[in-house]
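S.K.: Predicted model and sequence follow; I will ask about them next.
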Amino acid sequence: MDFSPLGGRKRVLVFALLGGILLLAGSVFGVDWTNYFLGTQALYPAIGKPLITLLAMTLALLIGRNRLSDRDWGLLLAAFACMLPTDILMSVVAVSPQVGVGSAVFMVGGVLSILAHLFLILRLVGYGAPGWKKGESVGSNLWLPLAIFGLAALLLAGLWPHIVRVGHAAIAPAYTTFFCTTLWLAAETVRRRLLPRPNAWMAAVAAACWFATEITGEIYNLGLGDLSEVMFRIVWVFYGTNVVLWALSGYRWESASA
């Protein structure tokens, strides 16, 4: 099958669905902040947040003949097949007083999220990431991963006593390794031009938003009072952007000669 750039009525459909996601996200964030300021317990955000992921997955399912390759589409759908149940489980954790951040439900969600990262990493590696070339200096290759992993390590070190307190001493470092790797490889696709420019930038911004999601999300998980409550309402600003951009990164936006 010849793959073609997104266009025509399907392009209109994709952007209409994107507009619907933005409207849903706006309403979710509005109710989330209302819950915080008024002390209400509306469940709408817990339903709406996984629904954003479901709609983003729908965007990915619609890619069809507008995909970059069969392998690319397959790995992207595999990642979403892990992300959607993860987001449903995390919403249960957020609203159920019987289910805590150290529960089996949380840990299953964490493992599924790691699998999602693994599929995305395989997707990026398939395009040649990190794209290091013979003859390049060690410094020119290592500064980017050192910066990403170093920043995450500093943040983990600062939060470590609280991470141990909530029982995340094992999963937090392991998970950090995966989302840092995803960000590093996605950034390299931009730097090394391993993907078409729109797709590379969408993947890189998505990975950066997921990095920010995990930092703000872990602060929420640590139960640090108002700081955690504010982080809880910021998490999905990043994560919603993340899931939508991953879906859009699977579309062929340019012709092969572009």
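M.R.: Nice, thanks for sending it over. Numbers count the residues shown, from 1 in each chain.

S.K.: can you map out the helices along the stretch 1-150 of the chain?
M.R.: For the stretch 1-150 of the chain, helices defined by DSSP state H, counting those that start in this stretch occupy the ranges 8-38, 44-61, 70-95, 104-125, 138-165.

S.K.: tell me which strands and helices the third one is in contact with?
M.R.: Spelled out, it's helix 70-95. Judged by 3 or more C-beta pairs under 8 Å, 6 or more residues apart in numbering; DSSP states H and E, helix 70-95 is in contact with helix 44-61, helix 104-125, helix 226-248. For the C-beta atoms, the positions are set from N, CA and C on the backbone; glycine is no exception.

S.K.: Let's see that with 10 Å instead.
M.R.: helix 44-61, helix 104-125, helix 197-221, helix 226-248 (3 or more C-beta pairs under 10 Å, 6 or more residues apart in numbering; DSSP states H and E).

S.K.: could you give the angle of the third one to helix 226-248?
M.R.: It refers to helix 197-221. 160 degrees (axes from the mean of the first three to the mean of the last three C-alpha atoms, to 10 degrees).

S.K.: cool, the shortest one as well?
M.R.: Between the axis of helix 44-61 and that of helix 226-248 there is an angle of 20 degrees, by the same axes, to 10 degrees.

S.K.: Enumerate the positions of helix 44-61 that are buried.
M.R.: 45-46, 48-57, 59-60 (16 or more other C-beta atoms under 10 Å).

S.K.: picking up where we left off before, can you tell which of the helices of the stretch 1-150 of the chain is closest to residue 236?
M.R.: Among the helices of the stretch 1-150 of the chain, the nearest to residue 236 by C-beta to C-beta is helix 44-61 (5.5 Å).

S.K.: and that closest one, average pLDDT?
M.R.: Averaged over helix 44-61, pLDDT sits at 96.

S.K.: angle of that helix against helix 70-95?
M.R.: Using the same axes, to 10 degrees: helix 44-61 against helix 70-95 is 180 degrees.

S.K.: change the start of the numbering to 48 and stick with it
M.R.: All set: I'll call the first residue 48, so the last point we hit is now helix 91-108.

S.K.: Can you tell me which helices and strands helix 91-108 packs against?
M.R.: Looks like helix 91-108 contacts helix 55-85, helix 117-142, helix 273-295 (3+ C-beta pairs under 10 Å, 6+ apart).

S.K.: how distant is the second one from the center of its chain?
M.R.: Translated: helix 117-142. In terms of C-alpha atoms, centre = their mean, to the nearest Å, the centre of helix 117-142 is set 9 Å apart from its chain centre.

S.K.: Can you verify my assumption that residue 130 contacts residue 162?
M.R.: Yes. If you go by C-beta atoms under 10 Å, residue 130 and residue 162 touch, sitting 9.3 Å apart.

S.K.: Looking at the two, which is more packed in?
M.R.: Set residue 130 next to residue 162 and count neighbours by other C-beta atoms under 10 Å: residue 130 wins out with 28 against 17.

S.K.: so who does the closest residue to residue 135 other than its chain neighbours touch?
M.R.: Using C-beta to C-beta, 6 or more residues apart in numbering and skipping the chain neighbours, the partner closest in space to residue 135 is residue 97 (4.7 Å). By C-beta atoms under 10 Å, 6 or more residues apart in numbering, the residues touching residue 97 are 130-139.
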